[in-house]
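Asker: predicted coordinates and the sequence they were generated for:
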Amino acid sequence: MKRIMTVLACIMAFTFAASADNDRAVTFDRLPAKAKEFITAGFPGEKLAYAKQERDFLEVHYEVVMVNGTKMEFDRRGDWTSIECKYSTIDSRLVPEPIRNYVENTYKGAEYRKISRDRREYEVKLTYGLELTFDRNFNLMGIDD
């Protein structure tokens with residue numbers, strides 16, 4: 001009996017692990033409303049290269065890549081979690097104002113290559129190669145070069 005229960009537990013664990021990584025292509029229309037609004041307002045005239053929905057166990061994310069190389073990630077509600085530009089820079093209007101003010105006052109002429117956020121912090125990568133980390137209250141927590 002123990003052997004049967006162990007085999008069943010292993011099969012269930014394997015099934016959960018196999019179904020945890022489900023990626024599928026989606027059209028722009030299938031993105032959350034907030035994500036569509038953000039893309040339309042922040043990247044007018046840019047064309048979508050591809051979009052996909054990623055399912056990781058209990059979480060759903062969306063990844064969007066534009067033809068110009070800009071990659072964005074959104075959570076299930078459509079709030080952005082990451083924006084990265086490989087061949088250009090991020091429009092400073094997309095960066096929260098306290099971070100933008102700090103960068104403008106401290107690093108004159110710097111532009112943004114990447115910004116990401118989670119529940120605890122924001123990370124910003126500048127064209128100078130610096131990575132700045134801010135807490136949720138926009139206090140500088142660290143600088144990596």
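Answerer: Happy to help now that I have it. All values reported here derive from a predicted model rather than from experimental measurement.
Asker: quick check: domain ranges of this structure?
Answerer: Split into domains by automatic domain parsing, the chain comes to 19-86, 89-145.
Asker: any idea of the mean pLDDT in the last one?
Answerer: The predicted model gives domain 89-145 an average pLDDT of 93.
Asker: end to end, how far does that domain reach?
Answerer: Its start and end residues considered, domain 89-145 measures 18 Å (C-alpha to C-alpha, to the nearest Å).
Asker: stretch 89-101 now?
Answerer: 17 Å.
Asker: list the buried ones in the helix or strand harbouring V60?
Answerer: Assigned by DSSP states H and E, V60 falls within strand 59-66. By 16 or more other C-beta atoms under 10 Å, the buried positions in strand 59-66 come out as H61, Y62, E63, V64, V65, M66. Where C-beta positions appear, they are placed from N, C-alpha and C, glycine not excepted.
Asker: from those, which single one is nearest A51?
Answerer: V64 (4.6 Å; C-beta to C-beta).
Asker: residues contacting the closest one?
Answerer: L31, A35, I39, L48, Y50, A51, K71, M72, E73, F74 (C-beta atoms under 8 Å, 6 or more residues apart in numbering).
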